[in-house]
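Novice: The following comprises the amino acid sequence and a computationally predicted model.
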Amino acid sequence: MLQFGVLGSIVFLNLFWQVSMLLPLPEPCPKNMTAVGDFNMDRFLGRWYAYSMYPKLSGKMPSCMSIWYNKLEDNTHEVNIIELHDKVEFVKSSRRKIINIQTSGSYDVLGSVHNPDGVQMNILYTDYDSFAIRFMCIDDVNSIFSLQYVMIQFRKRNPTAEEAYAAEHLAKKAGIRLKSMKRVNQQGCPNDT
């Protein structure tokens, strides 16, 4: 395993944040984050739309992002993230295998460019029919910093203000830094996103 000193950790976290949607925080991962109990991946399958998430260092946010959870013919699962490319406005797609689905609300996503061994994603809240809050946190080896990922997502591309408020209230209750999150542009999106 690669180990960094304090300065190495700062450099690594800064570089990683520039290319990802992970927010570096000067604290270890929270110990009180709990995923939803009795998670049912079959009910979670289908299309979701990104509503808000942490931005990249550049401040850029994806546009027209949808997330498809699929069950394949061999009974395995995958997630397909579709969005408009931020520079040339073409639709890009990224498929990742999902393994180790737990009823506690966590699963592993494999094959990321930044972490080919995979990362554990947690569903903090979902009602399956309208919204979900996903959370991931990675501690650096010194437990000085952490990288956090949060997404609030809905089944509708543009939820009502009441739906958004209710989901944000639950995210805040879970300890999510709402002030650090930004909205994903879902206006004027092509049908294939």
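Specialist: Nice, I can see it.
Novice: what about Lys97, neighbour count?
Specialist: Here the number of neighbours of Lys97 (other CB atoms under 10 Å) works out to 14. Where you see a C-beta, it was placed from the backbone N, CA and C, and this is true even at glycine.
Novice: Using CSV, list the CA coordinates for the helix or strand where it lies.
Specialist: Assessed by DSSP states H and E, Lys97 sits inside strand 91-99. Output in CSV follows, covering the C-alpha atoms of strand 91-99 (Å, rounded to 0.1, in the frame of the first residue of the first chain):
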residue,chain,number,x,y,z
VAL,A,91,-23.0,12.5,-24.3
LYS,A,92,-20.5,10.4,-22.4
SER,A,93,-21.2,7.2,-20.6
SER,A,94,-19.3,5.4,-17.9
ARG,A,95,-20.2,1.8,-16.9
ARG,A,96,-19.0,0.2,-13.6
LYS,A,97,-19.7,-3.2,-12.1
ILE,A,98,-21.4,-3.3,-8.7
ILE,A,99,-20.5,-6.0,-6.3
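Novice: what lines up beside the helix or strand following that strand in the sheet?
Specialist: Following strand 91-99 in sequence order, the next helix or strand is strand 106-109 (DSSP H and E). Neighbouring strands of strand 106-109 in its sheet, by DSSP bridges, are strand 91-99 (antiparallel), strand 119-126 (antiparallel).
Novice: That'll do, ta.
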